[in-house]
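Engineer: generate coordinates for the sequence data below:
(3 chains)
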Amino acid sequence: MMAQAQSVADRLRGLGGGKSKGAVETSSLTPPVLALRDLVVEIPTRHGVLRPVDGVSYDIHAGEILGVVGESGAGKSMAGNAVIGLLDRPARVASGRIRLNGERIEGVSPKKMRPLRGKKIAMVFQDPLTSLNPLLPIGDQLSETILAHLPVSKREARARALAALEEVGIPAAAERLDSYPHEFSGGMRQRVVIALALCAEPDLLIADEPTTALDVSVQAQIIALLKRLCRERGMAVMLVTHDMGVIAEAADRVAVMYAGRLAELGPVAEVLRAPRHPYTHGLMGATPLAAKGQARLNQIPGAMPRLDALPQGCAFHPRCPKAGPACSFSAPTPMRMSADHSASCHFPMMPEPEAAPL
Amino acid sequence: MTSFVRIRHLSRVFDVSKPWLNRVLERLPKTQLTAVSDVSFEIPERQVYALVGESGSGKSTIGKMLVGLLPPSEGAVEIDGVDLSRESDPGKLSATRDKIQMIFQDPYASLNPRWRVRDIINEPVAAKGGDTRGLAERLLEQVGLSPADAVKYPHEFSGGQRQRICVARALASQPRLIVCDEPTSALDVSVQAQVLNLMSDLQEDLGLTYLFITHDLAVVQHVADRIGVLYLGRLVEEADAEALFDAPRHPYTQMLFDAAPRMDGFGREVTPPKGEIPDPINPPAGCAFHPRCPMAEEWCKRERPDLRKYGSHRVACHFAQA
Amino acid sequence: MVDQQNSPVARPGALRRFWDSDMGWSFRHSPVAVISLLVVAILALGAIFAPWIAPYDPFDPASLNLMNGFTPPMQPNAFTGEIFWLGTDDQGRDVFSTILFGLRISLFVGFSAVVLAMVLGITLGLLAGYLGGWVDTIIMRLADVQLTFPAILVAMLIFGIAKGVIPVEYRDQMAIWVLILAIGLSDWVQFARVVRGATLVEKNKEYVAAARLIGRSGPAIMLRHILPNVLSPVLVIATISLALAIIAEATLSFLGIGAPPTQPSLGTLIRIGQGFLFSGEWWILLFPAGTLLALALSVNLLGDWLRDALNPKLR
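Structural biologist: Predicted structure coming up:
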């Protein structure tokens, strides 16, 4: 059994290709806006060191939306927080590289990180109220952010604030500049937060569950807004969500996370139509949207393991229908499935015949 | 098919006025929020009826009135032929109430953290002085947990397991109707599938009737036999699940379906719905949906359409056709 | 062993569970908490077992020797040659023994007053929070009115009223109980406020809705469902209140309206002792005062630790 596992691991290493195992380059001419390589985030606790992010590698290019999807505890938000330098202590980046436009930004001092945050990287959270100061009119909050990052006059900043509000689709924006956050509805607040995130023209936008607290109709509006902004501004967007439907609609590529590791990475249509990792496959089967006409949903037995009790080998193996002996002691590394599609699995699913070739 | 649940002209008004003193000083009138307005529907026995709506639609308020957590302002809830607000025989009333149970949205808030699982599950029976020997263990097994879990506390379980415990508690008093208020919206997809499957298994095994309250169209499509769509406290459309998903007749339902993300909607460019849900304290005159409706005409701003019947389909729109 | 064989899942004892829990861990890693608990435990044990520990009975006139008066600590008395650890007062009473007996009174009064305030505050807070409406308005406005007066003033007021009501011959006997009543009644407000706030949060949780749905009565929901879930902040306040109650008792006794000289508390001892400070007999004042300081400070620090340990945000 040991020999078999060893050979599987060797095979994977050969196929994965050296240092940048996980990343699949889509464009090699310009460096990606964001490049993660073997990122590890650790939380030292009295029960031992937890790894909410464990060896994650992916790129996001300009004008691209990467959907990061996973269930609670998958570590999907943690990677985004690591990029923007907002890890709650005692969590820290333990190893790996974070490159923004080719420059390493992992582990830089908070002093150096501050100008990057907002200017180069912006973030939108699930609850818009956490990002807004309840005591300041939104126009002031926007101008303040603009003044902090761009060399413009006060008047110019206010004009830009107005333009930002108009761009995110706030009706009668000129009149709403002096309104306070509580005077907006939930959807409008999220628009204000997006305007706030965009006003310094960042290269990368991290959107962490931006639509989870919103109604379906408003969610559609926000997704359409994000897509338009990404396309028009050539911005890179990391869209973190648990909702497969949102991913399908909004993302260009998708990264599926499980227990801190990357399970599958590839173009959204390919991954959702013909998932290669059994977890992605199970997730699709469990989604009522995809299970039209079935009496029962396909269910994945068990639940996501807790970080302090991760199984040996592949973290998914206790729940996996295809698990073999190798899975319980050798953790799979990302394996290339097609040009830009990889899955971390010893026994990947074969595409079903009716899953049309793209 | 006989109707197990009959909801007739149900309304609920909340007083959301400022405190008395402020009102007097600022000369404000009383403000009232009509959360539910003239809603009528029936649920046949052993059916799954789903109420769908966005925030402010009044769907949870209807659920609370049905189980008796809130008294209706007007209208009646009739369960198995017993009118809950007019029945004078306390024995009959209590027996009818025992037939209704509820499963809540938040599995973390719906179990008392200081109680053992056994006591939580037994409570509905113990409160009535019933025999609870082995009850919790039996129910735990029925919902797919281990009987040994009975001595544990809620914090030792994951979200999905907690929701199973909630299901076990709901089953303890052998109800016939379970009102499920967003039972899976706090759960992860893979766990949601487990809980939905468990609930449909139990429905078949025990012959239960469900009222499913949710905003998630995908879940509704999967579980419901019949669906009622609510907008600002009013029923705007009601139909059998298949008919509704095949051909929604109310523009709001149409909008909801279009806005809901699709698994095959890769790169789909949709014009998102315009506007947001209006303030329920000052709802638009006429048809409440008219400011967002692509079909709206002058008529809609003045006159509210009645819920009219077209076969088994009911629609409240001036432009609905038979 | 027998227990383990009988029960399906062996459960370790409560102490063991505490030790292994997050709170136990936080306790072991907080030297301040450990030392505070140690100090409180030593003082409390000293107070409880005072009749057996104290080398002298300061209240037995027969054992007092006026010749022993003003003996400095750890020095033989000039006349009798007796040695007292902490010296003696003007009457020749052993200061160490009076402190032990004074602690007894102080702790008893403080503890009882907090229990009284707690029972009153929890009851009123639960009722105000759960019932709401005019019950809430009346209880909380009453609390607001009381809060506008300093607690010590309220205690003095109650003390004054009690003095007028109780006949002279019972005054000394009843003094301790009046003290408890006065401090307890002056301190219920913060318990009521905290419990009301927590009740407002808990009563909207779905487990309360589930209990109502079953047909549980209001009192059953308040006592069996809500009360256990609002107790942790109460515990913190109770600990800090204990320190405050001990100080309040000492203050009242120092002002001469608390514990009578026949049953001296730490406050009474300090009052007696302050007369001797500038005539050179410092030990009569400083040892009781130091004891009071150590007790109040330790209890307070313990309360601070408890507040941090029970606060999920700081964990």
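Engineer: near chain A, which residues of the stretch 201-322 of chain B?
Structural biologist: Neighbours of chain A within the stretch 201-322 of chain B, by CB under 8 Å from any CB of the partner chain: B:215-219, B:221-222, B:255-256, B:258-268, B:270-273, B:276-277. The way it works is simple: take the backbone N, C-alpha and C, and place the C-beta from them, glycine included.
Engineer: retrieve the pLDDT associated with the residue of the stretch 151-300 of chain B found nearest chain A.
Structural biologist: Nearest residue of the stretch 151-300 of chain B to chain A (CB to the nearest CB) works out as B:Pro261 at 3.0 Å. If you check B:Pro261, the pLDDT there is 84.
Engineer: figure out the helix or strand that the nearest residue to it once chain neighbours are set aside lives in.
Structural biologist: Nearest residue to B:Pro261, sequence neighbours excluded (CB to CB, 6 or more residues apart in numbering or on different chains): A:Gly245, at 3.0 Å. Under the criterion of DSSP states H and E, A:Gly245 resides in helix A:244-250.
Engineer: which strands and helices sit next to that helix?
Structural biologist: strand A:65-69, helix A:216-233, strand A:236-241, helix A:268-273 (3 or more CB pairs under 8 Å, 6 or more residues apart in numbering or on different chains; DSSP states H and E).
Engineer: the ones you listed into a markdown table, with extra columns for distance to C:Gly132 and mean pLDDT?
Structural biologist: What follows is these, written out as a markdown table (distance: least, CB to CB, whole Å; pLDDT from 0 to 100):
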| stretch | distance to C:Gly132 | mean pLDDT |
| --- | --- | --- |
| strand A:65-69 | 43 | 95 |
| helix A:216-233 | 33 | 89 |
| strand A:236-241 | 39 | 94 |
| helix A:268-273 | 50 | 91 |
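Engineer: now these in JSON lines, with mean neighbour count and distance to C:Ile237?
Structural biologist: Shown next, in JSON lines, are those (neighbours: other CB atoms under 10 Å in any protein chain shown; distance: least, CB to CB, whole Å):
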{"stretch": "strand A:65-69", "mean neighbour count": "26", "distance to C:Ile237": "44"}
{"stretch": "helix A:216-233", "mean neighbour count": "20", "distance to C:Ile237": "43"}
{"stretch": "strand A:236-241", "mean neighbour count": "27", "distance to C:Ile237": "40"}
{"stretch": "helix A:268-273", "mean neighbour count": "23", "distance to C:Ile237": "54"}
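Engineer: so which bits of stretch C:211-220 are buried?
Structural biologist: Neighbour-count burial for stretch C:211-220 flags C:Ala211, C:Arg212, C:Leu213, C:Ile214, C:Arg216 (criterion: 16 or more other CB atoms under 10 Å in any protein chain shown).
Engineer: again with stretch A:301-310
Structural biologist: For stretch A:301-310, using 16+ other CB under 10 Å, the buried residues are A:Ala303, A:Met304, A:Pro305, A:Leu307, A:Leu310.
Engineer: show me the contact partners of that stretch.
Structural biologist: Residues from elsewhere that reach stretch A:301-310 (CB atoms under 8 Å, 6 or more residues apart in numbering or on different chains): A:43, A:45, A:47-48, A:50-52, A:71-74, A:258-260, A:311, A:315, A:318-319, B:158, B:160-161, B:188, B:190-191, B:194.
Engineer: same thing with stretch B:86-95?
Structural biologist: B:Ala76, B:Val82, B:Leu84, B:Thr96, C:Gly215.
Engineer: the residue of the stretch 151-300 of chain B closest to chain A against A:Ala248, yeah?
Structural biologist: Yes: taking contacts as CB atoms under 8 Å, B:Pro261 lies within contact range of A:Ala248: 6.3 Å.
Engineer: returning to that earlier point: just the residues of the stretch 201-322 of chain B next to chain A: which are in helices?
Structural biologist: Among those, the residues falling in helices (DSSP state H) are B:Leu217, B:Ala218, B:Val219, B:Gln221, B:His222, B:Met255, B:Leu256, B:Asp258, B:Ala259.
Engineer: ok, then the element right after the helix or strand C:Ala220 falls within?
Structural biologist: Under the criterion of DSSP H and E, C:Ala220 resides in helix C:218-220. Following helix C:218-220 in sequence order, the next helix or strand is helix C:227-254 (DSSP H and E).
Engineer: how about C:Gly197, secondary structure?
Structural biologist: helix (DSSP: H, G, I helix; E, B strand; the rest coil).
Engineer: wouldn't it be in contact with C:Gly129 here?
Structural biologist: Yes: if you go by CB under 8 Å, C:Gly197 and C:Gly129 touch, sitting 7.3 Å apart.
Engineer: give me the low-pLDDT residue ranges for the chain?
Structural biologist: Since you didn't name a chain, this refers to chain A. A:1-29, A:290-294, A:352-358 (pLDDT under 70).
Engineer: the intended chain is chain B.
Structural biologist: Along chain B, segments meeting pLDDT under 70 span B:1, B:322.
Engineer: residue closest to the middle of it?
Structural biologist: Centroid-nearest residue in chain B, with CA atoms, centre = their mean: B:Ile213, separated by 2.6 Å.
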